[in-house]
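[1] below: sequence and its predicted model.
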Amino acid sequence: MLGYVIPLCLALLGLALLLTLARLVKGPSLPDRILALDTLYINAIALIVLLGIWEGSDLYFEAALLIAVMGFIGTVAITKYLLRGDIIE
């Protein structure tokens, strides 16, 4: 059963990544693009964790954790720049 579910989930996450990438490129406004970028890295984390489960390797989980931390910091930095015009106060 798991042999069918994981490839299906990988395909659905790949589709979600493509749709989010389209929103990132097309987005009508800058906040929409920032939200799409945030969603893109969250979907990438889900994809990497799913690959880690499928492969049975712990290395994927460490990579997903690094992407989560860097994505959070990037989102905060972009938001602070848009709100205040400066990242470091």
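    Yep, it's here. The structure presented is a predicted model; accordingly, all values stated were derived computationally and were not measured.
[2] contacts and neighbour counts: CA atoms only from here.
    Fine.
[3] any idea how far Lys26 is from Ile45?
    23 Å (C-alpha to C-alpha, to the nearest Å).
[4] which one's more surrounded, these two?
    Neighbour totals were compared for Ile45 and Lys26, and Ile45 leads with 21 against 11 (other C-alpha atoms under 10 Å).
[5] regarding Lys80, what is its secondary structure?
    Following DSSP: H, G, I helix; E, B strand; the rest coil, Lys80 is assigned to helix.
[6] which non-adjacent residue is nearest it?
    Nearest residue to Lys80 in three dimensions, chain neighbours excluded: Ile87, at 5.7 Å (C-alpha to C-alpha, 6 or more residues apart in numbering).
[7] show the contacting residues for the residue most central in space within the chain.
    Nearest to the mean C-alpha position of the chain, by C-alpha atoms, centre = their mean, lies Tyr41 at 1.3 Å. Counting by C-alpha atoms under 8 Å, 6 or more residues apart in numbering, Tyr41 touches Ile67, Ala68, Gly71.
[8] and Cys9, what helix or strand is that in?
    Following DSSP states H and E, one finds Cys9 within helix 2-26.
[9] other SSEs contacting that helix?
    helix 30-55 (3 or more C-alpha pairs under 8 Å, 6 or more residues apart in numbering; DSSP states H and E).
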